[in-house]
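Asks: Prediction below, plus the sequence it came from.
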Amino acid sequence: MVEGLRVGGEILAGTVGETVTGVFLFEELLKLAEKRGWKVFLLGGWGNVSLRTATLALERFPELRVSYDRGEDQVGTDRTTDDRVVKKINADKPDLLFVAYNPVKQEKWIASHLSQLKVGVVMGVGGTFNEYLGDFMQSPVWMERIGLKWLWRVMVEPKRAGRIFRAVVVFPWLVFVRSLRK
């Protein structure tokens, strides 16, 4: 328990590792995919976000092999749509599949379709496509560095407060309590 508190304190103080944002990881993976010739598939986002993300990715990484599908609003609730999307992904045989539905929906979709997908890596990325496109107001670099990007998102989009509170306060507390039982 003492070790856990020590490590937790170091994480909060910013002395353990460095913060890796979703957008940073996404762009690094695109860069690696271009270099290694991997296929990338972008799934989700509202409206034409996946198309816009693919277009911007190709501007930044001209040799990138990228496909996309909006996925439609019915994904996860309509078997016909799910089947169409899975067939399209499998026909493309991507090495990396990025799924950008809202949190929880994307994780449920990935979990229920993973066994059907012929992909190397699947990653839920939430609003990363929108952030990559510059649709969201960027958080100050200093807030990202010390792990407070979540606070910036609450200030800019107060409707996220409940979900972020559960992710930043409730979830770590539950993990801590559970660790005490072991």
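Replies: Yes, it's here.

Asks: any low-confidence regions in this structure?
Replies: 1, 4, 11-17, 19, 71-77 (pLDDT under 70).

Asks: Quick check: the residue nearest the centre of it vs residue 158, distance?
Replies: Geometric centre of the chain, nearest residue: residue 125, 1.5 Å, by Cα atoms, centre = their mean. Relative to residue 158, residue 125 is positioned 23 Å away (Cβ to Cβ, to the nearest Å). In this view, the C-beta of every residue, glycine as well, is placed from N, C-alpha and C.

Asks: Ok, residue 70 next?
Replies: Following Cβ to Cβ, the distance that separates residue 70 from residue 158 is 28 Å.

Asks: So which of these two has more stuff around it?
Replies: Higher neighbour count among residue 70 and residue 158: residue 70, with 18 against 10, using other Cβ atoms under 10 Å.

Asks: Not including adjacent chain positions, what is the nearest residue to the more buried one?
Replies: residue 50 (5.5 Å; Cβ to Cβ, 6 or more residues apart in numbering).

Asks: Make sure residue 66 is actually in contact with residue 41.
Replies: Yes - contact criterion Cβ atoms under 8 Å: residue 66 and residue 41 qualify, at 7.5 Å.

Asks: Compare the two and say which is more crowded by neighbours.
Replies: residue 41 (26 against 23).

Asks: which residues sit in contact with that one?
Replies: 66-69, 89, 92, 94, 96-98, 119 (Cβ atoms under 8 Å, 6 or more residues apart in numbering).

Asks: Okay then, goodbye and thanks.
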